[in-house]
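Participant: build me a model from this:
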Amino acid sequence: MTNFWWIIGGVLFALLNTAAGLIWVERRMLALWQDRYGPNRAGPFGLLVVLADTIKLFFKEDWIPPFADKVVFVFAPAVVMLSVLMSFVVMPFAPQIIVADLNIGLLFFLAMSSLGVYSVVLGGWASNNKYALLGAMRGASQMISYEVFMGLALMGVVVLSGSFNLREIVEAQKTVWFIVPQFIGFLIFLVAGVAETHRLPFDIPEAESELVAGFHSEYSGMKFGMFFIGEYLGITLISGMLVTLYFGGWLGPAFLPPVLWFVIKTFAFIMLFILFRASMPRPRYDQLMEYGWKVLFPLSILNLMVTAAIKLWLNT
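Facilitator: Numbering: from 1, shown residues only. Okay, here's the model as predicted:
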């Protein structure tokens, strides 16, 4: 039981510090790829910019608009933090580092990650602001739509591994990582993951050129900070799931400990998320939805049917 609480504390500590550290990492990487300086004044290599941002958010006026639904307005930022943190409960970081080894771990991940849409909808609706409400409606349709493609993409992995348990899915990749037989599923999951976290190029719910700041236009102080941290935790979650489902999780050569292999692979995908932001333009909202339902949906169905057919053929 003591070991269980140590795992929970360690995972929570690592995740919250990762989310804070990604503020600096993203700014430095964006600067590198866009040929500019980035943070370089606050502390060595600008590392203290994270502390400066945190202090700024803590001491900003925690303003609630008089026209807002106050209870829902305060509750909305907490939803995104809780839903993302709960999703990490079933993620196997190493053979012995997992909070809850559930038989339905993959379904639990989908259930928890889908709750994130409530934070966007409730935040936009409670603000009683037209721009925020528009952003919330965009976010709801985008996140709910792309959850469908994400779930269908995962079914190919379930067919190959014969399990919804994430630890067993990792162990099923000892001979070959699922990126090889499930490359199409991986691409669909990656695109759906970017849309789920509403990161560039799919940051439609908060498109600043159209909606001021979208669903969180009226938020300030630590309430805005919770949305901000929730976004970075979401990037880490999707990156970790990509590694777990398609790149062998903690599996790797024995000269490094398993948890370190997991961290290295996850960090590589976090860099990919940041590269997307640095280099890709934002599509129109209708283009995003059309791309999902006319391209990703048929592809995910086809991928599932072909995978199932080959699996049945090999078993006969």
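Participant: give me the pLDDT for residue 205.
Facilitator: Per-residue confidence (pLDDT) for residue 205: 67.
Participant: an error on my part: the question was meant for residue 182.
Facilitator: Residue 182 is given a pLDDT of 93.
Participant: ok, the closest residue to it other than its chain neighbours - contacts?
Facilitator: Among residues not flanking residue 182 along the chain, residue 156 sits closest, at 4.8 Å (CB to CB, 6 or more residues apart in numbering). From N, CA and C alone the C-beta is placed, and that goes for glycine too. Applying CB atoms under 8 Å, 6 or more residues apart in numbering to residue 156 gives the contacts 178, 181, 182, 184, 185, 303, 304, 307.
Participant: tell me how many other residues crowd the third one.
Facilitator: Right, residue 182. Other residues within reach of residue 182, judged by other CB atoms under 10 Å, total 22.
Participant: for the fifth one, same thing?
Facilitator: A count of neighbours around residue 185, defined by other CB under 10 Å, yields 26.
Participant: what about it, is that helix, strand or coil?
Facilitator: Taken by DSSP: H, G, I helix; E, B strand; the rest coil, the conformation at residue 185 corresponds to helix.
Participant: which residues touch it?
Facilitator: Residue 185 neighbours (CB under 8 Å, 6+ apart): 153, 154, 156, 157, 178, 246, 300, 303, 307.
Participant: quick one: which of the residues you listed sit in helices?
Facilitator: If you go by DSSP state H, the contacts of residue 185 have 153, 154, 156, 157, 246, 300, 303, 307 in helices.
Participant: you'd agree the last one is up against residue 161?
Facilitator: No - with contacts defined as CB atoms under 8 Å, residue 307 does not count as touching residue 161, sitting 11.2 Å away.
Participant: with pLDDT and distance to residue 83 added, can I get the ones in helices among the contacts of residue 185 in a markdown table?
Facilitator: Converted to a markdown table, the ones in helices among the contacts of residue 185 look like this (pLDDT from 0 to 100; distance: CB to CB, whole Å):
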| residue | pLDDT | distance to residue 83 |
| --- | --- | --- |
| 153 | 92 | 20 |
| 154 | 92 | 18 |
| 156 | 92 | 25 |
| 157 | 93 | 22 |
| 246 | 94 | 23 |
| 300 | 94 | 23 |
| 303 | 93 | 27 |
| 307 | 93 | 29 |
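Participant: just give me the closest of these to residue 171.
Facilitator: Closest approach to residue 171 among the ones in helices among the contacts of residue 185 (CB to CB): residue 157, at 12.8 Å.
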